[in-house]
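Enquirer: for reference, the sequence and a predicted model appear below.
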Amino acid sequence: MDDKFLSYIPLLSVIPEGLWPDHFLDSQDGSLLDLIAYEDGEIGGTEEEWSAWARVQAVEEIAFPIPFLKGLMLVLGNGPIEAALGGRGIEWEGEITGEVFKLRFGREIFKPLIEQDGELIADPDENHFVEIVLPVGFAANSQKGVSPIWPGEEETPINLPKCMIGDTGILIEAVNLIFHLDGISPLPAEYAHLGLADNWKGLLIERAQVTLPPDLAVDFGGELAFEHCAIGDGGFSGKLAYTPVPAKTGSLLGIGFELKSVKLEFAQNSLNEAAISGALDLPIFDKPIGVKVKFNDQGKFDIELDSLVPSYKLKLPGISNEDIVINNPEFALHTTGDDKCAALRWTEMTSNNS
């Protein structure tokens with residue numbers, strides 16, 4: 001705590017009992033009004049019609065949940081804040097402005113990243129969060145929810161830093177996030193594919209660039225992205241269907257790989273679909289084999305044959321490719337933790353030398 005706040009007037013001691021709306025901007029531990037230092041203000045009116053304004057300052061950084069955005073929190077930093085609140089009967093409206101606001105995402109939604117051995121991984125520190133500085137104030141009322149108050153005449157770009165979606169290993173980053181907080185304005189038609197409710201509230205994203213887990217080393221050249229996705233109650237929602245022409249080449253688990261398609265779907269941070277198709281250049285076969293790669297919400301994946309191929313010729317040291325053929329092969333590779341397990345089986349093997 002700053003030394004200048006060793007003695008201060010808590011905002012709670014100034015506001016008459018019952019004036020502050022229940023659960024309006026309440027901190028995580030319920031001490032919001034105790035942690036705001038009152039500097040100046042005025043309260044007036046009657047029970048039927050009342051108003052108040054105050055100039056205050058947060059004693060320390062305060063984070064409080066946003067009621068209609070599960071998993072997101074509004075953070076007040078240490079700096080000057082001006083607030084106004086007024087109402088008639090049970091109806092009320094208020095504003096809070098300053099230059100100290102941040103939007104914090106719960107770690108179940110997004111995790112910040114650190115670099116380890118040349119790769120980006122989720123920051124394991126439970127006290128570290130993905131946060132966005134908000135150069136805005138907020139207006140709220142008892143009818144229409146919350147809307148931003150922008151300084152000046154133009155909206156300031158709000159960007160999402162590169163972060164991991166939950167524990168999936170999938171990274172996203174985005175620029176120019178759009179507030180949609182009143183629950184009344186219709187969503188743009190471009191977001192209809194997400195199936196969001198009519199009164200949905202949150203942040204809209206026109207384009208979020210995607211980075212897949214490092215075991216899949218393919219250069220997408222910035223092409224892989226969620227188009228018209230969103231962050232709202234419960235987390236991130238977005239759909240992606242990508243088919244490069246020509247196919248992208250790279251590696252999977254260090255093995256040569258030709259990527260043909262990617263499908264991803266999130267709904268409120270739940271990974272509903274994560275599938276990649278391509279051809280894997282396994283050294284034991286005489287040609288690349290078509291495979292399907294499926295991710296789970298813990299960043300692990302399975303690799304299986306994409307379709308049943310009648311036969312493959314084995315490519316073994318000292319044996320001609322014409323000598324051994326396996327029929328109806330089944331190949332699978334599974335990852336568990338840091339371990340990887342591969343299996344190859346077939347129903348029949350033939351040899352031209354038999």
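Expert: On my side now, so go ahead. Residues are numbered from 1 along each chain as shown.
Enquirer: switch to C-alpha atoms for all contacts and neighbour counts from now on
Expert: Fine.
Enquirer: Glu60 sits in which helix or strand?
Expert: For Glu60, there is no helix or strand it lies in under DSSP states H and E.
Enquirer: my guess is it meets Gly77, correct?
Expert: Yes - the pair Glu60 and Gly77 qualifies as a contact (C-alpha atoms under 8 Å) at a distance of 6.7 Å.
Enquirer: neighbour count for the two, which is higher?
Expert: Looking at Glu60 and Gly77 with other C-alpha atoms under 10 Å, you find the greater number of neighbours at Gly77, namely 19 against 16.
Enquirer: how about the contacts made by the more buried one?
Expert: With contact set as C-alpha atoms under 8 Å, 6 or more residues apart in numbering, Gly77 has these partners: Ala58, Glu60, Glu61, Ile62, Val100, Phe101, Lys102.
Enquirer: and the closest residue to the last one other than its chain neighbours, what are its phi and psi?
Expert: Nearest in space to Lys102, with sequence neighbours left out and distances taken as C-alpha to C-alpha, 6 or more residues apart in numbering, is Val133 at 4.4 Å. Here is the backbone geometry of Val133 (degrees, to the nearest 10): phi -70, psi 130.
Enquirer: show the contacting residues for Val133.
Expert: With contacts taken as C-alpha under 8 Å, 6+ apart, Val133 has the following neighbours: Phe101, Lys102, Leu103, Ile158.
Enquirer: ok, and the most crowded of these?
Expert: Ranked by neighbour count under the definition other C-alpha under 10 Å, these are headed by Phe101 with 24 neighbours.
Enquirer: which residues touch that one?
Expert: With C-alpha under 8 Å, 6+ apart as the criterion, the residues that contact Phe101 are Leu74, Val75, Leu76, Gly77, Val133, Leu134, Pro135, Val136, Gly137.
Enquirer: for the residues you listed, which one is nearest Thr211?
Expert: Distance to Thr211, by C-alpha to C-alpha, is smallest for Val133 among the contacts of Phe101, at 23.2 Å.
Enquirer: need the pLDDT of the closest one.
Expert: Per-residue confidence (pLDDT) for Val133: 90.
Enquirer: cool, Gly318 as well?
Expert: 58.
Enquirer: can you check Pro65 too?
Expert: Note on Pro65: pLDDT of 84.
Enquirer: chain neighbours aside, what residue packs nearest to it?
Expert: Across the structure, with C-alpha to C-alpha, 6+ apart as the measure, the residue nearest Pro65 apart from its sequence neighbours is Met73 (4.3 Å).
Enquirer: wait, the one you found sits on Phe64?
Expert: Yes - if you go by C-alpha under 8 Å, Met73 and Phe64 touch, sitting 5.3 Å apart.
Enquirer: on that earlier part again, can you confirm the residue nearest to Pro65 is in a strand?
Expert: Yes - membership of Met73 in a strand is supported by DSSP: H, G, I helix; E, B strand; the rest coil.
Enquirer: what sits against it?
Expert: With contacts defined as C-alpha under 8 Å, 6+ apart, Met73 is in contact with Ala63, Phe64, Pro65, Ile66, Leu103, Arg104, Phe105, Gly106.
Enquirer: how near is Lys162 to Leu212?
Expert: Here the distance between Lys162 and Leu212 works out to 12 Å (C-alpha to C-alpha, to the nearest Å).
Enquirer: the more surrounded of the two?
Expert: In this view Lys162 and Leu212 are compared by other C-alpha under 10 Å, and Lys162 has more residues nearby, 20 against 17.
Enquirer: wait, what's in contact with the more buried one?
Expert: If you count contacts by C-alpha under 8 Å, 6+ apart, Lys162 has them with Pro112, Leu113, Leu171, Ile172, Glu173, Ala174.
Enquirer: just the pLDDT for the residue lying closest to the last one once chain neighbours are set aside.
Expert: To tie it back to what came earlier, the one meant is Ala174. Closest residue to Ala174 in three dimensions, ignoring its sequence neighbours and counting by C-alpha to C-alpha, 6+ apart: Ala208, at 4.6 Å. The score at Ala208 is 98. That number is its pLDDT.
Enquirer: show me what whatever helix or strand Ala208 lives in is packed against.
Expert: The secondary structure element spanning Ala208 is strand 202-211 (assigned by DSSP H and E). Contact partners of strand 202-211 among helices and strands, from 3 or more C-alpha pairs under 8 Å, 6 or more residues apart in numbering; DSSP states H and E: strand 171-174, strand 178-180, strand 225-232.
Enquirer: what does the shortest one contact?
Expert: Going back to what we said before, that points to strand 178-180. Residues outside strand 178-180 that contact it (C-alpha under 8 Å, 6+ apart): Ser147, Pro148, Ile158, Lys201, Gly202, Leu203, Leu204, Ile205.
Enquirer: try 10 Å this time
Expert: When contacts are defined by C-alpha atoms under 10 Å, 6 or more residues apart in numbering, strand 178-180 is touched by residues 146-148, 155, 157-159, 186-187, 199-206, 230-232.
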